[in-house]
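Enquirer: below is the sequence, then the predicted model.
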Amino acid sequence: MLKNIGIIVLLLLPEILFSQVRPEKKVRSSGNIANNVQSLPDRSTGSKKDTITSAADTIATIDMYKIITLQRDTILVDTTLTIQKEYEVNYLKRDNFGLLAFPNDGQTYNVLDYGLTKFNPFPEFGFTAKHSAYERVDDINYYEVATPYTDLMYRSVQRQGQILSALFTVNTSPNLNLFVGYKGVRSIGKYINARSSNGNFKIGGSYNTKDKRYFLKLHFTGQDFTNQENGGIIDTNLFDTGDPLYTDREKLDVYFRDAESFLKGNRYFIDHTFRLSKSNPNSLVFHHQFNFENEYFTFTQPTVSSKFGEAYTTSIDNKTRYNRMYNLIGAAYANKTIGTIEFYLEDFKYNYFYYTTVLNSGGVVAIPNALNDRIDNYGARYTYHKDKWKGTALISNSITDQSLTNIDLQARYSFDEQNVISVLYQNMNKLPNHNYNLYQSDYKFYNWSNNFNNEKINSLEVEAKTKWATASLQYTILKDHLYFSNDWAGSEDTSVYDSLMVSPKQYAGTINYLSLKVSKEFKWWKLALDNTLLYQNVEQTDNILNVPSFVTRNTLYYTDHLFKRALLIQTGFTFQYFSKYYGNDYNPLLGEFYVQDNKKFGDFPMIDFFLNMKIQEFRLFLKAEHFNSSFTGYNYYSAPNTPYRDFTVRFGIVWNFFS
């Protein structure tokens with residue numbers, strides 16, 4: 001592997017070094033785009049002097065390439081090589097601090113930082129462990145570019161496969177942008193029955209009229225996640241000893257050799273606004289948002305496993321279906337002095353169902369085959385953005401019989417570009433996810449019908465970003481918390497899990513969660529030390545919400561220019577660690593993590609060595625991942641019976657094109 005990577009680098013390096021030097025040619029760009037960019041603060045770490053090449057009238061600078069979120073926050077395309085880029089070259093394409101990867105790419109993640117959890121007052125599909133890489137509405141970005149823009153990412157995987165992500169976007173006119181993107185993952189993995197094969201496809205665009213009265217954003221996503229599920233290794237003692245015979249991980253026996261899960265979802269989304277007045281910006285604005293999404297989750301297993309108990313059939317084929325339709329209609333009044341006030345109505349309809357019904361011994365329905373309902377809400381949103389202040393206040397409540405409320409307050413004050421303080425408060429009465437209330441399976445135990453209370457969530461977060469450090473403090477109170485746990489008493493030997501009889505529960509007590517996260521980078525000469533530390537504390541009567549008390553990531557690296565500044569290199573070490581705790585275990589039948597208090601894991605170092613290079617818009621990432629695995633002890637796990645990743649050499653490329 002190392003030899004092949006070395007050959008690739010040697011072949012590519014001269015070609016890239018001497019063929020990518022760009023003459024400063026002119027590029028045709030819209031006057032409107034240029035004018036808009038001039039008033040935009042530079043949120044990119046790239047230089048505004050960077051130019052994009054093509055023949056035309058004016059020079060296109062990097063700040064003419066904008067990424068726009070659904071909430072209309074604008075981020076400039078960034079082609080720099082920073083330590084943050086090193087953190088983002090992974091399966092999720094984002095910084096995954098606080099997430100613990102499973103052994104193969106394309107699998108799920110165990111959550112170390114509970115503060116990453118996001119809440120939605122509406123009931124959701126469930127099967128949350130399978131949604132770690134599922135792109136939701138807020139994850140889809142929109143674009144405005146001076147010339148066609150392409151973003152490519154490639155990364156090698158654990159064994160036999162690759163991660164490939166490609167995005168192309170173009171403005172066919174100053175007012176119309178189109179984009180299409182795809183991320184595909186395929187990896188065999190090192191363990192028996194661990195293959196991943198996933199795909200995320202998206203296509204969409206944005207449009208506005210020349211007079212800025214009408215704005216439109218729309219997209220379609222088609223996403224599928226196929227994973228072979230082995231349930232972890234049976235005898236963890238064979239792994240812990242570090243016996244050379246079992247460093248070939250295919251020699252470790254696993255619980256399931258033929259189980260597979262599959263999650264698929266399609267979404268159709270539209271968000272558009274229309275200003276009533278042609279000339280007066282302080283007028284009524286009408287807003288409509290539409291979202292139709294359908295998903296299904298299947299678990300198949302040709303051979304019935306006693307680990308899940310008795311079955312109705314000789315082979316397992318579970319399939320849960322779900323669709324929902326959401327409409328928002330609102331009217332807002334915008335004023336430059338007082339801000340924007342919007343009143344809206346929400347209509348949410350869902351259908352969660354099976355094609356079977358479970359009867360008891362008397363022939364009476366014991367487990368129904370569907371949940372469906374219609375939820376109507378009214379709400380108000382106030383937005384203020386002037387000078388150094390930006391804030392939003394949202395409140396919504398149900399009109400229909402369901403007890404659903406949501407209060408969301410956010411405020412941000414910017415002293416300057418380097419010093420910003422933010423406060424977020426959320427008070428939510430959340431309806432349970434559907435798979436807590438209804439589930440059917442060919443396994444007899446995994447059939448239930450419940451009517452749980454709403455979860456009550458109170459959360460306050462304060463974040464300060466300063467030129468000295470970044471710190472955030474979060475305090476969350478949970479009541480009627482829903483979770484999964486194993487009902488099987490099990491063996492006294494904590495290395496053996498006899499059976500998995502997992503079912504949903506509701507905790508009657510109160511859970512108090514507190515976290516403090518601090519990030520700081522120290523720089524001296526060409527060296528830098530980047531640090532992120534997380535402290536968590538939970539007050540609860542029982543072990544329901546379990547998190548490590550301490551999580552840290554520390555990166556020491558060196559940066560320098562070579563070949564008359566044509567090549568930028570970045571090399572160093574990343575150290576990661578989390579304290580030992582009763583981490584959640586994974587149930588592939590449900591696609592969910594469940595609470596366990598039989599085995600603690602953690603307290604092991606994860607050290608990576610990396611060498612990254614940048615030439616123009618080409619970035620190369622080489623990493624020796626977890627290279628300390630063979631000499632610091634084979635005690636590393638992502639879940640009680642699921643080992644963390646062994647030493648692996650990874651190779652990645654990120655390449656941007658601006659024409």
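Expert: Structure received.
Enquirer: what pLDDT does the residue of the chain most remote from its centre get?
Expert: Computed with C-alpha atoms, centre = their mean, the residue of the chain farthest from its C-alpha average is residue 362, at 46.1 Å. Per-residue pLDDT puts residue 362 at 77.
Enquirer: if I pick residue 443, what's in contact with it?
Expert: Applying C-beta atoms under 8 Å, 6 or more residues apart in numbering to residue 443 gives the contacts 308-312, 316, 589. Any C-beta I mention is one placed from the backbone N, CA and C, and that applies to glycine too.
Enquirer: which one among those residues gets closest to residue 114?
Expert: residue 589 (24.0 Å; C-beta to C-beta).
Enquirer: mind checking how far the helix or strand hosting residue 269 is from the chain centre?
Expert: Take DSSP states H and E as the rule and residue 269 turns out to sit in strand 259-275. Distance of strand 259-275 from the chain centroid (C-alpha atoms, centre = their mean, to the nearest Å) equals 15 Å.
Enquirer: which secondary structure elements does that strand contact?
Expert: Contact here means 3 or more C-beta pairs under 8 Å, 6 or more residues apart in numbering; DSSP states H and E; on that basis strand 259-275 packs against strand 214-229, strand 284-301, strand 316-335.
Enquirer: ok, which stretches of the stretch 101-250 of the chain are strands?
Expert: Ranges of strands in the stretch 101-250 of the chain, per DSSP state E, counting those that start in this stretch, are 109-111, 142-144, 149-156, 161-173, 176-187, 196-208, 214-229.
Enquirer: pLDDT, secondary structure and distance to residue 569 for the contacts of residue 443 - can I get that in JSON lines?
Expert: Shown next, in JSON lines, are the contacts of residue 443 (pLDDT from 0 to 100; DSSP: H, G, I helix; E, B strand; the rest coil; distance: C-beta to C-beta, whole Å):
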{"residue": "308", "pLDDT": "94", "secondary structure": "helix", "distance to residue 569": "51"}
{"residue": "309", "pLDDT": "93", "secondary structure": "coil", "distance to residue 569": "56"}
{"residue": "310", "pLDDT": "93", "secondary structure": "coil", "distance to residue 569": "60"}
{"residue": "311", "pLDDT": "95", "secondary structure": "strand", "distance to residue 569": "57"}
{"residue": "312", "pLDDT": "94", "secondary structure": "coil", "distance to residue 569": "60"}
{"residue": "316", "pLDDT": "96", "secondary structure": "strand", "distance to residue 569": "52"}
{"residue": "589", "pLDDT": "97", "secondary structure": "coil", "distance to residue 569": "47"}
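Enquirer: which of these lies closest to residue 332?
Expert: For these, the nearest to residue 332 is residue 589 (45.8 Å; C-beta to C-beta).
Enquirer: tally of neighbours for the residue lying closest to the closest one once chain neighbours are set aside?
Expert: Spatial nearest neighbour of residue 589, excluding adjacent residues (C-beta to C-beta, 6 or more residues apart in numbering): residue 299 at 5.3 Å. The tally of other residues near residue 299 (other C-beta atoms under 10 Å) stands at 25.
Enquirer: check what pLDDT residue 299 gets.
Expert: At residue 299, the pLDDT recorded in the model is 98.
Enquirer: my guess is it contacts residue 588, does it?
Expert: Yes - at 6.8 Å, residue 299 and residue 588 qualify as touching, with contact defined as C-beta atoms under 8 Å.
Enquirer: what sits in contact with each of these two?
Expert: In contact with both residue 299 and residue 588: 229, 259, 261, using C-beta under 8 Å, 6+ apart.
Enquirer: correct me, but the second one touches residue 307?
Expert: No - here residue 259 lies out of contact with residue 307, judged by C-beta under 8 Å, at a distance of 10.1 Å.
Enquirer: these two: who's more crowded?
Expert: The neighbour comparison of residue 259 against residue 307 (other C-beta under 10 Å) goes to residue 259, with 23 against 17.
Enquirer: tell me how far the more buried one lies from residue 303.
Expert: Shown here: residue 259 relative to residue 303, a distance of 9 Å by C-beta to C-beta, to the nearest Å.
Enquirer: returning to that earlier point: which one of the contacts of residue 443 is nearest to residue 474?
Expert: Among these, and counting by C-beta to C-beta, the member closest to residue 474 is residue 589, at 32.3 Å.
Enquirer: quick one: the residue nearest to residue 339 when sequence neighbours are not counted and residue 396, what's the gap?
Expert: Nearest residue to residue 339 in three dimensions, chain neighbours excluded: residue 384, at 3.7 Å (C-beta to C-beta, 6+ apart). Relative to residue 396, residue 384 is positioned 19 Å away (C-beta to C-beta).
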